[in-house]
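Asks: With the input below, show me the fold.
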Amino acid sequence: MSRVIFHLDMDAFFVSVELLRRPWLRGKPAVVGGATTHRGVVASASYEARRYGIRSAMPLARAKRLCPHCVFLPCHFDDYTNVSAKLFHLLERFTPDVEPLSLEEAYLDLSGFRWLYGPPLETAERLHREIKNELELNTSIGIASNKLVARIASARAKPNGILYVVPRNERDFLAPLPARAIPGVGPRAAEQLHLLGVNTIGDLRVIGERLLRCALGSSGSWFYRAAMGEDDEPVTPRAEPKSVSREITFPENLLDCERILAGLSSLVEAACRALRRAGKQARTITLKLRYADFSTVTRSSTLHEPTDLDGEVFAAGRNLFRKTWTRRLRIRLIGVSLSNLVGSGWQPELPFGGLRTMPMSGASRARFKRLYAGIDQIREKYGDGAISQGTRFLKGMSGKD
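Replies: Numbering: from 1, shown residues only. The predicted structure is shown next:
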């Protein structure tokens with residue numbers, strides 16, 4: 001029996017989440033990425049905005065020129081992470097074999113589940129319906145006997161559609177599609193293929209594997225197998241997270257220490273919240289600085305005891321910043337990464353080999369854990385911007401000032 005692989009991709013995910021709070025913007029061109037005066041890029045564009053040629057990773061200033069009346073929205077990454085967690089919880093109700101590709105994209109292996117859910121198309125319709133009912137978001141689903149064809153099918157199903165490539169029809173489905181429809185074929189590869197006279201996926205089959213290998217090396221064999229609709233790669237369920245990272249590019253290069261630390265504070269809040277959501281604590285904090293001349297430095301510090309508390313992470317990050325920012329050049333970007341993760345049930349070692357200094361007492365730690373549980377609940381219900389901490393508060397709870 002053929003495998004049953006779903007590729008699920010949420011439609012304009014970041015924008016769609018923003019529109020849950022701004023339903024009056026539905027049907028209008030909208031972009032997530034920040035104000036057009038900032039040096040940012042488009043993170044997500046609504047389908048109405050895409051009609052003007054706006055695409056992800058495009059500079060915001062260019063997007064503004066293409067569509068002056070477009071609505072530009074700030075990025076609320078924690079909100080997208082919250083919705084993503086709910087999405088994957090829903091997907092795992094259908095099958096344990098879920099492989100995330102991003103916050104809004106995943107493969108599902110439903111092979112052998114026909115007896116439970118019925119035919120693949122009916123299963124996809126049920127999944128599509130439950131996502132709409134529970135999350136109020138649209139999604140596109142491709143169904144095929146392997147990951148490659150399922151992913152191509154979901155792209156053809158957009159927006160808000162389902163496309164099922166019946167087993168043994170893979171080659172017929174792929175043949176008329178442009179070669180760039182194959183995942184991983186970018187502009188440069190498409191140009192190389194065009195020089196070989198290849199415009200469609202069917203042309204790849206006609207030209208043959210030997211010539212493709214001569215022209216493109218080992219990747220030629222991969223192109224040929226893709227054109228044949230062959231892919232035996234398994235769906236690999238998600239692994240335990242190894243780190244949590246956040247970074248921000250400032251609207252202007254900064255020399256003001258307080259403003260830079262304010263940016264670090266917001267990154268620490270987001271990263272620690274992600275840790276708590278995953279039930280993890282971190283021992284290693286890594287700071288990343290990018291200067292105005294685009295040179296980049298990173299510095300790390302390992303704590304005596306793991307933590308998921310904002311104040312303790314901020315204190316370590318601030319110390320790293322003071323040690324790292326020695327050139328006194330303007331700062332373009334700052335980032336923080338939390339790694340060396342352990343479960344939240346981790347117990348500290350008994351200090352028989354010598355005293356260990358804890359940043360705060362056990363009672364204070366428990367009090368702050370309750371505080372952050374409440375803060376997380378408020379943000380979960382009312383959004384990322386509903387409550388925020390100042391750097392003075394973080395400094396105070398770190399026990400360092």
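
Asks: Am I right that residue 62 is in a helix?
Replies: Yes. Applying DSSP: H, G, I helix; E, B strand; the rest coil, one finds residue 62 inside a helix.

Asks: if you skip the residues just before and after it, what's nearest to residue 259?
Replies: Using C-beta to C-beta, 6 or more residues apart in numbering and skipping residues adjacent in sequence, the residue nearest residue 259 is residue 250, 7.9 Å away. Every C-beta, even on glycine, is put in place using the N, C-alpha and C of the backbone.

Asks: For the one you found, grab phi and psi.
Replies: phi -70, psi 150 (degrees, to the nearest 10).

Asks: can you list contacts of the helix or strand in which residue 101 is found?
Replies: Secondary structure assignment for residue 101, by DSSP states H and E: strand 98-102. Contacts to strand 98-102, defined as C-beta atoms under 8 Å, 6 or more residues apart in numbering, come from residues 88, 91, 92, 106, 107, 108, 109, 235, 236, 237, 238.

Asks: Mind listing what's buried along that strand?
Replies: Residues of strand 98-102 classed as buried by neighbour count (16 or more other C-beta atoms under 10 Å): 98, 99, 100.

Asks: need the contact list for the nearest residue to residue 52 once chain neighbours are set aside.
Replies: Nearest non-adjacent residue to residue 52, counting by C-beta to C-beta, 6+ apart: residue 67, 4.0 Å away. The contact partners of residue 67, by C-beta under 8 Å, 6+ apart, come to 29, 49, 52, 54.

Asks: picking that back up, on the C-terminal side of the strand holding residue 101, identify the next helix or strand.
Replies: Note on strand 98-102: by DSSP H and E, the next helix or strand toward the C-terminus is strand 105-109.

Asks: so what strands line up beside that next one?
Replies: Here strand 105-109 is paired, per DSSP bridges, with strand 5-10 (antiparallel), strand 98-102 (antiparallel).

Asks: weakest of those strands by average pLDDT?
Replies: Among the strands paired with strand 105-109, strand 98-102 carries the lowest mean pLDDT, a mean of 93.

Asks: Tell me which stretches of the stretch 51-200 of the chain form helices.
Replies: Applying DSSP state H, counting those that start in this stretch to the stretch 51-200 of the chain gives helices spanning 60-66, 77-94, 114-117, 120-135, 147-157, 170-174, 187-195.

Asks: With distance to residue 172 added, can I get the strands paired with strand 105-109 in a markdown table?
Replies: As requested, the strands paired with strand 105-109 are arranged in a markdown table below (distance: least, C-beta to C-beta, whole Å):
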| stretch | distance to residue 172 |
| --- | --- |
| strand 5-10 | 18 |
| strand 98-102 | 26 |
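
Asks: For residue 193, which of these is the nearest?
Replies: Among the strands paired with strand 105-109, the nearest to residue 193 by C-beta to C-beta is strand 5-10 (23.1 Å).

Asks: Quick one: list the elements packing against the following helix or strand past the closest one.
Replies: On the C-terminal side of strand 5-10, the nearest following helix or strand under DSSP H and E is helix 13-21. Judged by 3 or more C-beta pairs under 8 Å, 6 or more residues apart in numbering; DSSP states H and E, helix 13-21 is in contact with strand 30-32, strand 44-45, helix 77-94.

Asks: Look at residue 338 and say how many residues are nearby.
Replies: 28 (other C-beta atoms under 10 Å).

Asks: how about it, secondary structure?
Replies: strand.

Asks: For residue 75, give me the pLDDT.
Replies: Reported pLDDT for residue 75: 87.

Asks: There's contact between it and residue 14 in this structure, I believe.
Replies: Yes. In this structure residue 75 lies within contact range of residue 14 using C-beta atoms under 8 Å: 6.9 Å.

Asks: Neighbour count for the two, which is higher?
Replies: Under the neighbour definition other C-beta under 10 Å, residue 75 and residue 14 were set side by side, and residue 14 has more, 27 against 17.

Asks: List the residues that contact residue 32.
Replies: Counting by C-beta under 8 Å, 6+ apart, residue 32 has contacts 14, 15, 18, 42, 43, 44, 45, 73, 74, 75.

Asks: For residue 104, see how far away it is.
Replies: Separation of residue 32 from residue 104 (C-beta to C-beta, to the nearest Å) stands at 12 Å.

Asks: Same question for residue 123.
Replies: Distance from residue 123 to residue 104, by C-beta to C-beta: 20 Å.

Asks: likewise residue 150?
Replies: 16 Å.

Asks: Residue 316 now?
Replies: Using C-beta to C-beta, one obtains 32 Å as the distance from residue 316 to residue 104.

Asks: Name the residue in those two with the higher neighbour count.
Replies: The neighbour comparison of residue 316 against residue 104 (other C-beta under 10 Å) goes to residue 316, with 26 against 23.

Asks: tally of neighbours for residue 228?
Replies: Neighbours of residue 228 under the rule other C-beta under 10 Å: 15.

Asks: With residue 323 instead?
Replies: By other C-beta under 10 Å, neighbour count at residue 323 equals 11.

Asks: Apart from its neighbours in sequence, what residue is nearest it?
Replies: Closest residue to residue 323 apart from its sequence neighbours, by C-beta to C-beta, 6+ apart: residue 299 at 6.5 Å.

Asks: If anything else comes up later, I'll come back, but that's it for now.
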